[in-house]
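> Need the 3D shape of this:
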Amino acid sequence: MTKTILDSLYRSIEAREPVALVTVIRCSQPDRIGAKAVVWLDRPALGSLGLGELELAVLTDAEQVLRGRQHRTLRYPERGLEVFVEVQFRPPHLFIVGAGHIAVPLAELASLCDFTVTVIDDRLQFANRERFPKADKVIAEDIQKTVRDTAMDEDSFVVLVTRGHSLDVTCLLEIIDRPLAYIGMIGSRRRVNAVFDLLEREGGIPREKLNRVYSPIGLPIGGRTPAEIAVSIMAEIINVRRGGKSPSISDARRLG
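Numbers count the residues shown, from 1 in each chain. You can find the predicted model right below:
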């Protein structure tokens with residue numbers, strides 16, 4: 001691997017950019033075995049596999065593997081070719097909107113699970129380093145504006161646990177159309193049903209879009225204390241991220 005390719009790969013990993021290393025592991029031309037290239041989703045590939053007219057097709061296929069976020073061996077039997085696409089994963093990013101009692105243990109649990117953690121609140125006495133020593137970023141600014149202006153993507157998990165349900169809903173409307181991995185919002189089933197009915201009826205928001213939201217939030221483990229509720233929320237996030245089979249509390253709302 002040339003230094004240029006290695007440096008580019010490391011820079012992308014450090015910047016938490018989606019990137020994959022493509023390596024030829026079988027080829028009818030033995031001198032091509034071990035050839036490498038780096039692929040991204042937003043720029044041309046770096047490096048050459050030396051595959052001639054097949055190169056572009058292989059790199060395009062590698063980009064699709066990167067989109068799927070799973071390592072994969074691509075096989076082209078008619079060419080006697082195999083390449084391994086090693087996806088370098090970005091750490092998942094948990095945005096905790098609201099810095100109250102549940103947010104404190106939730107931030108700690110997420111950090112233990114190797115999430116990047118950002119906490120957002122407009123109260124400096126709550127959103128500070130002393131309360132959230134394990135968070136990567138703590139923002140004490142206007143909540144709605146911060147949520148609106150903060151970049152979030154398909155590796156982002158958002159938990160809405162602000163000081164008031166109306167503020168949770170306001171923030172929900174800022175992110176409902178984003179391609180997020182997870183949106184969770186605290187609230188009782190009765191209150192959530194009433195709010196979602198209102199958003200559908202008067203806000204024109206389709207029910208299928210609202211059904212993306214995990215609310216009431218968490219897995220049904222009977223949690224009562226802030227720490228227990230945080231465990232329930234984190235368990236649901238892991239369940240969603242890993243494709244687990246545990247039912248969520250919000251499943252009853254979707255089915256009802």
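
> three-state assignment of residue 229?
Three-state assignment for residue 229 (DSSP: H, G, I helix; E, B strand; the rest coil): helix.

> which residues does it contact?
By C-beta atoms under 8 Å, 6 or more residues apart in numbering, the residues touching residue 229 are 102, 218, 223. In this view, the C-beta of every residue, glycine as well, is placed from N, C-alpha and C.

> Check residue 214 too.
By C-beta under 8 Å, 6+ apart, the contact set of residue 214 is 182-185, 236, 240, 248, 250.

> Save those as TSV, and put in pLDDT too.
Conversion of the contacts of residue 214 to TSV gives the following (pLDDT from 0 to 100):
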residue	pLDDT
182	97
183	97
184	97
185	96
236	98
240	96
248	96
250	94
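
> Just send those residues back as CSV, with secondary structure, neighbour count and distance to residue 70 too.
Shown next, in CSV, are these (DSSP: H, G, I helix; E, B strand; the rest coil; neighbours: other C-beta atoms under 10 Å; distance: C-beta to C-beta, whole Å):
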residue, secondary structure, neighbour count, distance to residue 70
182, strand, 19, 19
183, strand, 23, 23
184, strand, 23, 24
185, strand, 24, 29
236, helix, 26, 22
240, helix, 16, 16
248, coil, 21, 24
250, coil, 22, 27
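
> Where does pLDDT dip in this protein?
Where the chain drops to pLDDT under 70, the residues are 1, 256.

> Skipping its backbone neighbours, what lies nearest residue 49 in space?
Nearest residue to residue 49, sequence neighbours excluded (C-beta to C-beta, 6 or more residues apart in numbering): residue 35, at 4.7 Å.

> any idea how far residue 219 is from the one you found?
Distance, residue 35 to residue 219, by C-beta to C-beta, to the nearest Å: 46 Å.

> got it, and residue 117?
Counting by C-beta to C-beta - residue 117 and residue 219 are separated by 20 Å.

> Neighbour count: those two, which is higher?
residue 117 (25 against 22; other C-beta atoms under 10 Å).

> Surely that one forms part of a strand?
Yes. Counting by three-state DSSP, residue 117 is found in a strand.

> That one - nearest residue in space that isn't next to it in sequence?
Nearest non-adjacent residue to residue 117, counting by C-beta to C-beta, 6+ apart: residue 135, 4.5 Å away.

> And the protein, split by domain according to the record?
Domain assignment of the chain by automatic domain parsing yields the ranges 3-88, 93-255.

> Out of those domains, which one sits most buried?
Comparing the domains of the chain on average neighbours per residue, with mean count of other C-beta atoms under 10 Å, the densest one is domain 93-255 at a mean of 18.

> what about that one, start to end distance?
Domain 93-255 has an end-to-end distance of 29 Å (C-alpha to C-alpha, to the nearest Å).

> Which elements pack onto whichever strand or helix holds residue 94?
When elements are assigned from DSSP states H and E, residue 94 belongs to strand 93-97. The elements that strand 93-97 packs onto, with contact taken as 3 or more C-beta pairs under 8 Å, 6 or more residues apart in numbering; DSSP states H and E, are helix 103-112, strand 116-121, helix 143-149, strand 156-160.

> how about 10 Å then?
Judged by 3 or more C-beta pairs under 10 Å, 6 or more residues apart in numbering; DSSP states H and E, strand 93-97 is in contact with helix 103-112, strand 116-121, strand 137-140, helix 143-149, strand 156-160, helix 165-175, strand 182-185, helix 226-242.

> so it versus helix 165-175, what angle?
Relative orientation of strand 93-97 versus helix 165-175 (axes from the mean of the first three to the mean of the last three C-alpha atoms, to 10 degrees): 140 degrees.

> Give me the distance between strand 93-97 and the centre of its chain.
Centroid displacement of strand 93-97 relative to its chain, using C-alpha atoms, centre = their mean, to the nearest Å, is 10 Å.
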